[in-house]
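Enquirer: need a 3D model of the sequence below.
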Amino acid sequence: MLSNIKKRNEGFTIIEVLIVLAIAGLILLIVFLAVPALQRNSRNTQRKNDVASLLGAVSEYANNNGGALPTTAAAQTAALQNAKLSIYTGNATWSGTPGANGTTANNAVIVTGAECTNTNGATAAGSGRQVAVMYSVETGSGTPQKTCQDS
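Expert: Next comes the predicted model:
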């Protein structure tokens, strides 16, 4: 009668549980390492979109005013009213000096009468109708990198 009783092997062994936990731990590690880079790239993309919107708003202002760029503070504020901004809302400053590099991670500098000579934010005198926007993007090392985009 005892020979008819079957031993039931149900459940997991401790080795199987440890293997599953190790795999889950590796997946979590990969996710936690990837998330900051994805967030940084997302913020940098938004900065680039804001700069494109700033340049578009200034170009629209110039088109509506006979090609003249805004020179007074009131005109500069009016020029940026149509810009759809997220990061640089209220943090886009104007400068008439080529080479001005007052950019931070959340500040853009709009330089009138200038063009970008390279991508690190340096500008040179351009025609009176050119506009350059200098801004900084985040890098993996944590040091902001100055960038320039012109119209």
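Enquirer: between the two ends of stretch 59-70, how far is it?
Expert: 10 Å (C-alpha to C-alpha, to the nearest Å).
Enquirer: any buried residues in that stretch, and which?
Expert: By 16 or more other C-beta atoms under 10 Å, the buried positions in stretch 59-70 come out as Y61, A62, L69, P70. Where C-beta positions appear, they are placed from N, C-alpha and C, glycine not excepted.
Enquirer: show me which of those residues is closest to T147.
Expert: Within the set of those, L69 lies nearest T147; the separation is 21.3 Å, counting by C-beta to C-beta.
Enquirer: tell me the secondary structure at that closest one.
Expert: Recorded secondary structure, L69: coil (DSSP: H, G, I helix; E, B strand; the rest coil).
Enquirer: give me phi/psi at it?
Expert: Comment: the main-chain dihedrals of L69 come out as phi -80, psi 150, following degrees, to the nearest 10.
Enquirer: report the separation between the most centrally placed residue in the chain and G25.
Expert: For the chain, the residue sitting closest to the mean C-alpha position, by C-alpha atoms, centre = their mean, is N44 at 1.5 Å. The span separating N44 from G25 equals 30 Å under the rule C-beta to C-beta, to the nearest Å.
Enquirer: output the contacting helices and strands for the helix or strand harbouring Q46.
Expert: Using DSSP states H and E, the secondary-structure element containing Q46 is helix 14-64. Contact analysis of helix 14-64 by 3 or more C-beta pairs under 8 Å, 6 or more residues apart in numbering; DSSP states H and E lists helix 73-79, strand 108-112, strand 131-137, strand 145-150 as its packing neighbours.
Enquirer: hang on, the earlier thing: for the residue nearest to the centre of the chain, give me its contacts.
Expert: Applying C-beta atoms under 8 Å, 6 or more residues apart in numbering to N44 gives the contacts V137, E138.
Enquirer: ok so, going back, how far out from the middle of the chain is the helix holding Q46?
Expert: With C-alpha atoms, centre = their mean, to the nearest Å as the basis, helix 14-64 stands 10 Å off its chain's centre.
Enquirer: next up, phi/psi of Q130, please.
Expert: Backbone torsions for Q130, taken as degrees, to the nearest 10, come to phi -90, psi 150.
Enquirer: measure it to C116 for me?
Expert: The span separating Q130 from C116 equals 9 Å under the rule C-beta to C-beta.
Enquirer: quick check: neighbours shared by these two?
Expert: Overlap between the contact sets of Q130 and C116, as judged by C-beta under 8 Å, 6+ apart, is given by D150.
Enquirer: this completes my enquiry, with thanks.
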